[in-house]
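# give me coordinates for this.
(2 chains)
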Amino acid sequence: VDLEDLYRLLRAGHIQAQGIVDTLEEPLLVLDRNQCVVAGNNGFFHAFHVTKDETLGESLFSLGNGQWDIPELKKLLLDVIPKSTAIVGYEVRHDFPGLGPRTMLVSARRLVHPDSANTNVLLLFEDVTERRRVDAQKDILLAETRHRMKNLMAMVRALANRTSTEGRSADEFRDLFLSRFQALIEAQDLEMTGKSSADFADIVAQAAKLAATKEAFVAEGPPVIVPARHVLPLTLLVHELATNALKYGALSVPGGRVEVRWSVVDAGGEAEALQIEWQEQGGPPVAPPTRSGFGTELIHQSLKYDLDLAAETQFDPGGFRGRFSVPIG
Amino acid sequence: LPSTEPVSTVKAFRVLVVEDEFLVAMELRAMLEAGGFEVVGPVPTVAAALKQLESDRPDAAVLDVSLYGERVTPVAVALAAMDVPFVLASAYVPADLAGEPVLASARNLGKPTARDALIASMSELRLSSGS
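All right, here's what the predicted structure looks like:
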């Protein structure tokens, strides 16, 4: 090769390198040994709102009113780079005037000129602020999901533990537990529709499925928005009532009927209460339960505690009758 | 292990239960009662727990951490001030509680709460209280 060829080769290489640098969207700078800017790409000028003219020839640490005069970056360039060839992904958090707080990954590589002792430094900046924010949100979401999952498992275990084995065969216990478990699943489905509330009619509709025919289960009431935290307790309440009707009450015989009616009433001041009437007819004569089971505890203790539910239950010979009132805000 | 059988000659050891999820509260109460402890509450909110503490000093307490989105911290602070020992029954991991020393330093039985761990920790508290 003669000198002409070598010159063309170098020139072509230079143009190619320039093309690569200009194509990179990541901000990039080349500094000389005194940390003055020798070259920069459009990515840098765009990202930091500066022009080429005000950047080239300036010291990095005086650029943009000294926004790069960051102690840890200075230490990196003055102390670390001279001793090592490259640094990859060094994290710098800084409040940039005009840009706000940013997390940057700075990579630096020492460029040694083969013919002279001149040492340039190539600096690459990657703005990972948004990525870090998304990561942090994901972490919160994961922690929340883990928390919800454990709570759900605690509820399932509580259902199993609070479903009594007394006087029941293993099959009966399993069926009863699974029907309560099913109510829990349905309540979760209602809660998980992404809405912050559910309609009470949807809750009643879940329980109505236990009835053999549509005629056997009458549900009437206006649309009522039920707050999310009321969904599970009210689902279980209606489920227990329907299960009892199916086992001992009106739904246990053909021709028996359950009528559920509800309304929203004034509960003083701004407060409102959901009033539910549960009336059974056409079933066998009913009597109060002889022992206090899950349903009794749920209605007369737990829901009073959880929802401030007022409950009145009557085991009339003509059919079970329940009146419930729950404040809904 | 200390006996978990209720003994009539021994003064009842009263445990306040603070838990917002009624199913879990039902279960905690049943487990504690079966273990020979008397349950105070359960109460589902910070406000209800603080109100309960105004008129009554329990011997110990079991606390859920998140009560309808509210942290149980004020209840823990009140219990500590009354010198009432308490444990947590929470699904949170230590990192979630690191910001609140009064919670971070408490024992967390976890959730779901194992019956044996619950009874054992309450029995220990009963023993150290000397009742």
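
# all contacts plus neighbour counts: C-alpha atoms, from now on.
Fine.

# say whether chain B is contacted by the longest helix seen in chain A.
Longest helix in chain A by number of residues (criterion: DSSP state H): helix A:129-162. Yes - applying C-alpha under 8 Å from any C-alpha of the partner chain, one finds helix A:129-162 in contact with chain B at A:His147, A:Lys150, A:Asn151, A:Met153, A:Ala154, A:Met155, A:Arg157, A:Ala158, A:Leu159, A:Asn161, A:Arg162.

# low-confidence bits of the chain, can you list those?
In the absence of a named chain, this looks at chain A. Scanning chain A with the threshold set as pLDDT under 70 gives A:1, A:113-117, A:193-197.

# meant chain B, my bad for not saying
For chain B, counting by pLDDT under 70, the residues that fall below are B:1-10, B:130-131.

# near chain A, which residues of it are found?
Residues of chain B lying near chain A by C-alpha under 8 Å from any C-alpha: B:20-24, B:26-27, B:42-44, B:91-92, B:111-113.

# 6 Å instead?
Residues of chain B found near chain A, taking C-alpha under 6 Å from any C-alpha of the partner chain as the criterion, are B:Phe22, B:Leu23, B:Val24, B:Glu27, B:Ala91, B:Pro112.

# next, count neighbours for the first one.
Residue neighbour count, defined by other C-alpha atoms under 10 Å in any protein chain shown, stands at 24 for B:Phe22.

# for it, grab phi and psi.
Main-chain torsions, B:Phe22, degrees, to the nearest 10: phi -60, psi -30.

# quick one, what contacts it?
Going by C-alpha atoms under 6 Å, 6 or more residues apart in numbering or on different chains, B:Phe22 touches A:Ser302, A:Asp306.

# just the buried residues out of the residues of helix A:129-162 next to chain B, in PyMOL syntax.
In PyMOL, this line selects whichever of the residues of helix A:129-162 next to chain B come out buried by 16 or more other C-alpha atoms under 10 Å in any protein chain shown:
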select buried, chain A and resi 147+150+151+154+155+157+158+159+161+162
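
# return the member of the residues of helix A:129-162 next to chain B nearest to chain B.
Here the nearest of these to chain B, counting by C-alpha to the nearest C-alpha, is A:Ala154; it sits at 4.3 Å.

# ok, and the closest non-adjacent residue to the closest one?
B:Pro112 (4.3 Å; C-alpha to C-alpha, 6 or more residues apart in numbering or on different chains).

# again, but for A:Ala273
A:Pro327 (4.1 Å).

# can you tell me how far that neighbour sits from chain B?
Using C-alpha to the nearest C-alpha, to the nearest Å, A:Pro327 is found at 16 Å from chain B.

# what number of residues lie near that residue?
A:Pro327 has 18 neighbours, counted by other C-alpha under 10 Å.

# likewise for A:Val128?
Using other C-alpha under 10 Å, A:Val128 is surrounded by 14 other residues.

# now do the contacts for it.
Shown in contact with A:Val128 (C-alpha under 6 Å, 6+ apart): A:Thr103, A:Met104.
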